[in-house]
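> Would you be able to build a 3D model of this:
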Amino acid sequence: MKNIFSHPVHIPAALRNDAGALIYSAKSFAAAMLAYYIALSIGLERPSWAIITVYIVSQTSVGASLSRSLYRLAGTVAGASATVVIVPAFANTPVLCSVVLTGWIVFCLWLSLLERTPRAYAFVLAGYTASLIGFPAVSDPGGIFNVAIARVQEIAIGIFCAALIHRYVLPARVSGQFNAKLSQTLQAARGRVADTLSGKPDAASGPLHLALALQFLQGISHHIPYDFALSAPVRQARKAIHDRLARLVIVNCELHDRLPASGTLPADVQALMGDVQAWLTAEGADAGSTAESLRLRCTLLIDRYAAQAQTFDDALQVSFIRYLSEAIVLLQQCERLSGAIHRAKPVFGEVQTRAAKGYVFHRDPLTAARTALGAFGIILSGCLVWIFSAWPDGGTAVSILGVCCTLFGSFDTPAPHIVKYIIGSFWGVVISLFYSFALLPQVSDFPVLVAVLAPAYLLAGSLQARPPTTFMAMGITLTLPILCELGAHYSGDFAVAANTAIALFAATGFAVISMSLLQTVQADGAIARLLNLCQRDIRRSVKGTLRVDETHWINLMMDRTALLLPRSERAPEQALDRLLHALRLGLAVMHLRRSDAPPGREVDALFHRINAGDCNALRERIAAIIERHLPAADEHARQLVFRLVDLHCALRGPDHG
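The predicted structure follows:
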């Protein structure tokens, strides 16, 4: 009889996602009710904040939940401390108090936009905790210290319960997610190089999307230490594999440019290409003896054709083989590093990782300052309306406005995300009113309360686990405990609930309009600034004032590419190609500047002509210089020719013909 268990069962991705969302929802609800019970037991003023905290910090993996919890706690303490200092000091002048409090909030927002790692969440929390505590306390500054202490306690309980449940109840390891994504990325990288060698037309732009995969891997990697995976060698291996994959993007583009320009390749080079393609596309291909034999064949061909090179076309063919050899080595090292990461073992030999750079983030203080200044104008204008209108619930509205500006400020176009939150808040208000005046008056003990709250929170929690509906679900999970006034005793005050709902919708509606005007970054403007910064770096490289090494430059440009790709549909034509060619041009100049052998006056003169505009004439001049150095008599001369070929190819970009 055939064993039906002999083959693995393949569960559709949709079912896996549904199961994961339901498990996440159940764990989050359990953590929220545990936090609520503890907060009630010790008599905290607003135990509903413990519930809110659980849903804010909970993530679908252990590492992400723990890291987010730590950053929220640090940000909450910092924000509460700042509020305790600011509000009493300026309480007698509400306008000045609003200015100073708003200044703190936007300063935290500015820091969060510069950080660009998950640690930025601590700065976000430091800002919007001050908003939530500070603005409602402006009219009653005497109790600010007690309010701040109570909020920190309530939030700390929520953080503890969320971390406890997500860590020990059906924990989902972020390290497993990283390893699975890494395997997919390596397979895709092999496929892209194979596409290049087979001459597919989109093979050059395809590797650009590897930048998004690298950005995603970096985002996961940051949480791995909180997943109780603290091996330093493996951490270094993750950095090293990023360095090699980023370099592979450049190598693949160099291969793509040289393949048609090299003309008819010799038979032995074509045979080598065929064997490399077979190795790249083979099922279960490893980076062992096959890769090593291919690399040795490349070395023999490089030595043979470099010694015979007489013309620029000959030098171009040698350069093609050199990059083919480098692609093999990079993929071989990536496989070894991947194996070390999967086995949590250190790596040795040629893939030593001490000098690994890892992900390099692009930071733009001016763009961050623009967003922060927009938030300053939005929050302060809301404060002025509240103060001069003497609206009793204006402090609540402004506090929500501050949360919107900090929480959604990192998006290019925050309005659509706030609209989703408003939709969720609308349903949260409807559900809250139904609970407050139909169900909660009938509840007499805690187990019954849990059973009554379960349907709404389990549904909203499962929606929160799905990226398309995350913000809408947060509108429900965060609104429900506030409007229901979940405390030690049922209150059921319709006027309070109605005024809070009005403040909520007034603040979020104002946020949509004002953030569309003052905090929205147009895609074409963001793209133009990225490209201008790349051109600035090239000019610095030409002048010899760009003080970064090759790996740092490549990794920085990969991050810029990852920032550009989501905007590519709204980008000017060839924007991605311009970014990639800027990277290659900067590298070519950097290599010539830092060559072991002095390039000489004729090569040094090229640097002053790169930005002159006549790139066709410059390429002809480079080709002539290359031919004067052929045949290359020694390794220094070969390196110079190789770098000049790089510069010649890099100048053949979308703007250079």
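
> So which residues of the stretch 451-600 of the chain form helices?
Taking DSSP state H, counting those that start in this stretch to define them, one finds helices in the stretch 451-600 of the chain at 470-483, 494-518, 523-543, 550-564, 575-593.

> same deal with the stretch 1-150 of the chain?
Under the criterion DSSP H, counting those that start in this stretch, the stretch 1-150 of the chain contains helices at 13-41, 48-57, 62-90, 94-115, 120-137, 144-168.

> now for the third one, which elements pack on it?
Packed against helix 62-90, as judged by 3 or more C-beta pairs under 8 Å, 6 or more residues apart in numbering; DSSP states H and E, are the following elements: helix 48-57, helix 94-115, helix 120-137, helix 144-168, helix 174-197. C-beta: built from backbone N, CA, C; applies to glycine.

> cutoff 6 Å now
Judged by 3 or more C-beta pairs under 6 Å, 6 or more residues apart in numbering; DSSP states H and E, the packing partners of helix 62-90 are helix 48-57, helix 94-115, helix 120-137, helix 144-168.

> likewise the first one?
For helix 13-41, the elements it packs on are helix 48-57, helix 144-168, helix 446-464, judged by 3+ C-beta pairs under 6 Å, 6+ apart.

> got the ones you listed as a markdown table, with distance to Asp524, mean neighbour count and mean pLDDT columns?
Formatted as a markdown table, those follow (distance: least, C-beta to C-beta, whole Å; neighbours: other C-beta atoms under 10 Å; pLDDT from 0 to 100):
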| stretch | distance to Asp524 | mean neighbour count | mean pLDDT |
| --- | --- | --- | --- |
| helix 48-57 | 34 | 27 | 90 |
| helix 144-168 | 41 | 21 | 89 |
| helix 446-464 | 33 | 18 | 93 |
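
> Columns distance to Leu564 on top of those helices, output as CSV?
Shown next, in CSV, are the helices and strands packed on helix 13-41 (distance: least, C-beta to C-beta, whole Å):
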stretch, distance to Leu564
helix 48-57, 30
helix 144-168, 34
helix 446-464, 29
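
> quick one: which of those helices is nearest Leu647?
Counting by C-beta to C-beta, Leu647 lies closest to helix 48-57 out of the helices and strands packed on helix 13-41; the figure is 50.6 Å.

> Poorly predicted segments of the stretch 401-550 of the chain, please.
Under the criterion pLDDT under 70, the flagged ranges of the stretch 401-550 of the chain are 488-491.

> Please verify my assumption that Leu439 contacts Leu453.
No: using C-beta atoms under 6 Å, Leu439 makes no contact with Leu453, being 9.0 Å away.

> picking that back up, can you tell me which of the helices of the stretch 1-150 of the chain is nearest to Ile250?
Per C-beta to C-beta, nearest to Ile250 of the helices of the stretch 1-150 of the chain: helix 94-115, 27.0 Å.

> got the buried residues for that closest one?
94, 97-102, 104-115 (16 or more other C-beta atoms under 10 Å).

> again with stretch 493-513
Residues 497, 499-501, 503-508, 510-512 are the ones in stretch 493-513 that count as buried (16+ other C-beta under 10 Å).

> rewinding a little: of all the helices of the stretch 451-600 of the chain, which one is nearest Val398?
The nearest among the helices of the stretch 451-600 of the chain, by C-beta to C-beta, is helix 494-518 at 7.1 Å.

> The closest one relative to helix 470-483, how many degrees between them?
Between the axes of helix 494-518 and helix 470-483, defined by axes from the mean of the first three to the mean of the last three C-alpha atoms, to 10 degrees, the angle is 150 degrees.

> how many neighbours does Arg304 have?
Arg304 has 14 neighbours, counted by other C-beta atoms under 10 Å.

> Run a quick neighbour tally on Ala180.
There are 11 residues near Ala180, going by other C-beta under 10 Å.

> Okay, it and Ile224: tell me how far apart.
Noted for Ala180: a distance of 13 Å to Ile224, by C-beta to C-beta, to the nearest Å.

> Could you give the backbone dihedrals for Arg173?
Main-chain dihedrals, Arg173, degrees, to the nearest 10: phi -80, psi 130.

> which residue sits closest to it, ignoring its sequence neighbours?
For Arg173, ignoring the flanking residues on the chain, the nearest one in space by C-beta to C-beta, 6 or more residues apart in numbering is Asp227 at 5.6 Å.

> Please give me every residue in contact with the one you found.
62-63, 173-175 (C-beta atoms under 6 Å, 6 or more residues apart in numbering).

> Switch the residues you listed over to TSV; also include distance to Ala390 and neighbour count.
Converted to TSV, the contacts of Asp227 look like this (distance: C-beta to C-beta, whole Å; neighbours: other C-beta atoms under 10 Å):
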residue	distance to Ala390	neighbour count
Val62	48	22
Gly63	48	28
Arg173	53	15
Val174	49	27
Ser175	55	22
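
> Just send the helices of the stretch 451-600 of the chain back as CSV, with distance to Leu186 too.
CSV is the format used below for these (distance: least, C-beta to C-beta, whole Å):
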stretch, distance to Leu186
helix 470-483, 29
helix 494-518, 40
helix 523-543, 27
helix 550-564, 16
helix 575-593, 21
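
> for those, which one sits closest to Asp313?
helix 575-593 (18.8 Å).

> Distance check, Leu518 against Asp412.
13 Å.

> cool, and Ser444?
Between Ser444 and Asp412 the computed distance is 50 Å (C-beta to C-beta).

> Please say which of those two ends up with more neighbours.
Applying other C-beta under 10 Å to Ser444 and Asp412 shows that Asp412 carries more neighbours, namely 16 against 9.
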